[in-house]
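Asks: Next come a sequence and a model predicted from it.
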Amino acid sequence: MQTTWKGTISFGLVSIPVHLYSATQEHDVPLHQVHAKDGGRVRMKRYCEREEKEVPYAEIAKGYESPDGRTVTLSDEDLADLPLPSKKVIDVLAFVDEGEIDPLMFSKAYYVGVADKAAAKPYALLRDALTESGQIAVTKIALRTRESPAVLRVHDNTLVLQTCIWPDEVRPVAGIAPEEDVTVRPQELKMARSLMDTLSEDFDLSQLHDDYQQALQQVITARLEGVEIPHEEEAGEAPDNVIDLMEALRSSLKQAKGGHGPAGGSGAGAGAEPAEEKPAPRKRAPAKKSAPAAGKTTTKATTATGATTAKKTAATKKTAAAKKTTSRKTAAPRKAS
């Protein structure tokens, strides 16, 4: 890696010669400015207003214009000779818990490497002391044309210098959050926590990828090959006013569970949906013994009706049999006298 800065970490009376290396890099598709009419490349030229001509980069310097219109020119030598101790020294000012520095203040990160073999032991001493204490070192450093506060911390057994912005560069948050009093019900909070736990299951930050860069590359490839540009179906607009917060949370939890697979256990664990609190049901008066249930009454009525019908059928059969017997006796021939 290319060295960004060379200097020394001052840790009490201990000095550690170090080099800084940029710890991050961004993957962007390089785009240039072109003339929309014919695709011709548009280039920026350094133009001097007084001489009305283009000037080479070697003749470019930095300048400051005062409120009254005067301009002060500063050369690279002027900036290099600034009376600033932090130009070549990272002076450790204090050790604090990591939680005392708001992440909002963090800026760019640099890996810290040793400049020679002799720096290996004091480097390891500072690294191990930070690891054992769980603290970070507060420092200051001048990089290029800016001095910044910074912190030294440990990442993967390596010292990392993280530049910060100054405290007065953090804008106040007044008027951003809702100012009116909002009451959050306990069951809504439980549902939100359950949703948080479900979304956190098996999360792997390394699996995230840049969808914008991928889509941009697809458009560029389509233009180069002269084919139709792919179009993604537009997603429906999200509702701007949630009327039923519990229902929205419940639907979100159901959708999240579908994306993470079935949750272990029923009604237990982090992914279990908390039941909404409901008022206790009112006690009903006990039913009177003399009033049988409707189902039993119907059954008994049906049984009684069946028994009555059976009796009537049996009586009818006996009457018919008696008539047949009488008819037979009447029809028998009389003996001759």
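Replies: That came through fine.
Asks: As a check, name the ranges of all strands in this protein.
Replies: In the chain, the strands defined using DSSP state E lie at 3-11, 14-22, 47-48, 53-54, 62-65, 71-74, 89-91, 94-97, 106-114, 135-143, 146-155, 158-164.
Asks: Let's have the ones you listed in CSV, adding distance to residue 39, mean pLDDT and mean neighbour count.
Replies: To be clear about C-beta, it is placed using only N, CA and C from the backbone, and glycine gets the same treatment. Listed next are those as CSV, based on distance: least, CB to CB, whole Å; pLDDT from 0 to 100; neighbours: other CB atoms under 10 Å:
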stretch, distance to residue 39, mean pLDDT, mean neighbour count
strand 3-11, 36, 92, 17
strand 14-22, 34, 95, 17
strand 47-48, 24, 93, 10
strand 53-54, 24, 94, 10
strand 62-65, 35, 93, 10
strand 71-74, 38, 92, 10
strand 89-91, 48, 92, 19
strand 94-97, 55, 95, 12
strand 106-114, 35, 96, 17
strand 135-143, 38, 94, 20
strand 146-155, 38, 94, 18
strand 158-164, 40, 97, 20
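Asks: Name the helix or strand of the chain that has the lowest mean pLDDT.
Replies: Within the chain, judged by mean pLDDT, DSSP states H and E, the helix or strand with the poorest mean is helix 294-331; its value is a mean of 46.
Asks: Please dump the strands of the chain into a markdown table; it should also carry distance to residue 82 for every row.
Replies: Output for the strands of the chain, formatted as a markdown table (distance: least, CB to CB, whole Å):
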| stretch | distance to residue 82 |
| --- | --- |
| strand 3-11 | 15 |
| strand 14-22 | 19 |
| strand 47-48 | 27 |
| strand 53-54 | 31 |
| strand 62-65 | 13 |
| strand 71-74 | 10 |
| strand 89-91 | 14 |
| strand 94-97 | 24 |
| strand 106-114 | 21 |
| strand 135-143 | 8 |
| strand 146-155 | 9 |
| strand 158-164 | 18 |
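Asks: out of those strands, nearest to residue 217?
Replies: The stretch from the strands of the chain with the least distance to residue 217 (CB to CB) is strand 14-22; that distance is 24.4 Å.
Asks: quick one on the thing from earlier: closest to residue 250 out of the strands of the chain?
Replies: For those, proximity to residue 250 was assessed by CB to CB; strand 106-114 is nearest, at 36.7 Å.
Asks: Starting from that closest one, tell me which strands it pairs with and how they run.
Replies: Based on DSSP bridges, the strands next to strand 106-114 in the sheet, each with its direction, are strand 14-22 (antiparallel), strand 158-164 (antiparallel).
Asks: Format those strands as TSV; extra columns: distance to residue 77.
Replies: Converted to TSV, the strands paired with strand 106-114 look like this (distance: least, CB to CB, whole Å):
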stretch	distance to residue 77
strand 14-22	23
strand 158-164	25
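Asks: so which of these gets nearest residue 228?
Replies: When the strands paired with strand 106-114 are compared by CB to CB, strand 14-22 sits nearest residue 228, at 39.9 Å.
Asks: could you turn that closest one into CSV, dropping everything but the C-alphas?
Replies: C-alpha atoms of strand 14-22 as CSV (Å, rounded to 0.1, in the frame of the first residue of the first chain):
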residue,chain,number,x,y,z
VAL,A,14,8.1,6.5,24.3
SER,A,15,8.4,7.3,20.5
ILE,A,16,7.2,5.0,17.8
PRO,A,17,8.2,5.7,14.2
VAL,A,18,5.2,4.9,12.0
HIS,A,19,3.7,5.1,8.6
LEU,A,20,0.1,5.7,7.8
TYR,A,21,-1.8,3.8,5.0
SER,A,22,-5.3,4.5,3.9
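Asks: where does it sit relative to the chain's centre, distance-wise?
Replies: Relative to the mean C-alpha coordinate of its chain, strand 14-22 is positioned 36 Å out (CA atoms, centre = their mean, to the nearest Å).
Asks: same deal with stretch 215-234?
Replies: For stretch 215-234, the distance from its own C-alpha centre to the chain's C-alpha centre is 29 Å (CA atoms, centre = their mean).
Asks: and that stretch, what's its mean pLDDT?
Replies: In this model, stretch 215-234 carries a mean pLDDT of 84.
Asks: now stretch 174-192
Replies: 86.
Asks: let's number from 7 now, not from 1
Replies: Right, with 7 as the first residue, what we last looked at is stretch 180-198.
Asks: Enumerate the positions of that stretch that are buried.
Replies: Judged by neighbour count (16 or more other CB atoms under 10 Å), stretch 180-198 contains these buried residues: 194, 196-198.
Asks: Adding distance to residue 219, write those residues out as TSV.
Replies: Formatted as TSV, the entries for the buried residues of stretch 180-198 read as follows, by distance: CB to CB, whole Å:
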residue	distance to residue 219
194	38
196	39
197	36
198	32
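Asks: With respect to residue 18, which of those residues is nearest?
Replies: Checking the buried residues of stretch 180-198 against residue 18 by CB to CB gives residue 198 as the nearest, at 47.7 Å.
Asks: quick revisit: for residue 212, which of the strands of the chain is the nearest?
Replies: Evaluated over those, closeness to residue 212 peaks at strand 152-161, with 15.4 Å, by CB to CB.
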